[in-house]
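Peer 1: I would like to see how this sequence folds:
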Amino acid sequence: MGKTKKEKKSHSVAYELFGWLVYIAIIVGLTWLIITFVGQRTSVSGHSMETTLQDGDQLIVDKISYRFRDPKRYDIIVFPYQYEENVYYIKRIIGLPGETVQVKDGYVYINGEKLESDI
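Peer 2: Predicted structure coming up:
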């Protein structure tokens, strides 16, 4: 015996609802993966990075690049403040491991040589 129209319609609605639930679950899962491993939204609070970044600027921070390469001079990085949860610092890398960094008369010296940069 065949199914009635009502049974067919009920089955098709349930199938459609299941499809939407799977779709929503996939979107939520992908969003979680991106926020956890790829990027994070943060805002700038303070004036220490002016003129590059202004107080109140909104940023998307890339969390994956440094898994594949080391930071380089002049990269802007975001790192957690060790004494308070959910507080992050945004800074520019000037010195690299093994280098001596000095500030004299408002100029930066790396290993005794003046850093020639307008940053």
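
Peer 1: Run the chain-centre distance for the one helix or strand T31 maps to.
Peer 2: Per DSSP states H and E: T31 is located in helix 5-33. Its chain's C-alpha centre and that of helix 5-33 lie 31 Å apart, by Cα atoms, centre = their mean, to the nearest Å.

Peer 1: Just the C-alphas of the helix or strand of the chain with the lowest mean pLDDT, formatted as PDB.
Peer 2: Every helix and strand of the chain was ranked by mean pLDDT, DSSP states H and E. The lowest is strand 39-43, at a mean of 85. C-alpha atoms of strand 39-43 as PDB (Å, rounded to 0.1, in the frame of the first residue of the first chain):
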ATOM      1  CA  GLY A  39      41.100  34.900  13.600                       C
ATOM      2  CA  GLN A  40      39.900  37.000  16.500                       C
ATOM      3  CA  ARG A  41      38.300  40.400  16.700                       C
ATOM      4  CA  THR A  42      39.900  42.800  19.100                       C
ATOM      5  CA  SER A  43      39.900  46.600  19.700                       C
END
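
Peer 1: and after that strand, which helix or strand comes next?
Peer 2: Assignment by DSSP H and E places the next element after strand 39-43 at strand 58-62.

Peer 1: next helix or strand past that following strand?
Peer 2: Counting by DSSP H and E, what follows strand 58-62 is strand 76-80.

Peer 1: and the angle for that following strand with strand 58-62?
Peer 2: 90 degrees (axes from the mean of the first three to the mean of the last three Cα atoms, to 10 degrees).

Peer 1: Which residues outside strand 76-80 are in contact with it?
Peer 2: 42, 49, 52-53, 59, 61, 71, 87-93 (Cβ atoms under 8 Å, 6 or more residues apart in numbering). C-betas here are computed from N, CA, C, even on glycine.
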